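Visitor: Return a 3D structure for these sequence lines:
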Amino acid sequence: MKKNTIIAILCLTAIACKKDPEKTLNDTVETQVTTPPKHPTNTTKSDTLTIDKRCAVTYWAPKEKMDKMKKDGGDGFYTASDDVGWYIYESTRYLDSINFPIIRTKGYRYIRFKKADGSSEYINTDTIHGIANIYFFDPHKTVINADITNIYESFPEYFTPSE
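Guide: Okay, here's the model as predicted:
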């Protein structure tokens, strides 16, 4: 589990040689969580990851998407990927240290968050704007894109100790 995260971070760090002060972390990690009116009609079981328990979900952009971001973002991509890689590493290290479940996504078009009331929220991974994200999910709440820049505060804000 940790091995894949460390490998990804090392790869991102190795390519992060150039810096562009015009690009910031916030330019790269914006994500929109959508709640479609109904289940997307063009999904199959194999392209949808369903999550129905309290957990953190990590997402890394696939290689093709990273290549496009690299081309579009220029030198700023390297700075942002280095920053995001570090924040994801620190966040997953913290979550591992408290034995909180982490689900790592790879190869899914949709992430389905099945709520306790039977409704679902979906993230279409094709529309995620960023290199990597962590989502917090509790079946009794709305899924959120976690603030990886301050995981030590964003975690207890979402998962209150009384739960």
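Visitor: Tell me where this structure has strands.
Guide: Using DSSP state E, the strands of the chain run over 48-51, 55-60, 102-104, 110-114, 120-124, 132-137, 144-145.
Visitor: quick one, which of those is nearest to Tyr78?
Guide: When the strands of the chain are compared by CB to CB, strand 132-137 sits nearest Tyr78, at 14.5 Å. For every residue, glycine as well, the C-beta is placed using N, CA and C.
Visitor: pLDDT below threshold where in the protein?
Guide: 1-45, 161-163 (pLDDT under 70).
Visitor: centroid residue for it?
Guide: Geometric centre of the chain, nearest residue: Asn133, 2.1 Å, by CA atoms, centre = their mean.
Visitor: thinking again about what came up before, please identify the most buried of the strands of the chain.
Guide: Greatest average neighbour count among the strands of the chain goes to strand 132-137 (a mean of 24), per mean count of other CB atoms under 10 Å.
Visitor: who does that strand touch, helix- and strand-wise?
Guide: Here strand 132-137 touches strand 55-60, helix 75-97, strand 110-114, strand 144-145, helix 151-158, going by 3 or more CB pairs under 8 Å, 6 or more residues apart in numbering; DSSP states H and E.
Visitor: can you put the ones you listed in JSON lines and add distance to Asn124?
Guide: JSON lines is the format used below for those (distance: least, CB to CB, whole Å):
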{"stretch": "strand 55-60", "distance to Asn124": "11"}
{"stretch": "helix 75-97", "distance to Asn124": "20"}
{"stretch": "strand 110-114", "distance to Asn124": "6"}
{"stretch": "strand 144-145", "distance to Asn124": "14"}
{"stretch": "helix 151-158", "distance to Asn124": "22"}
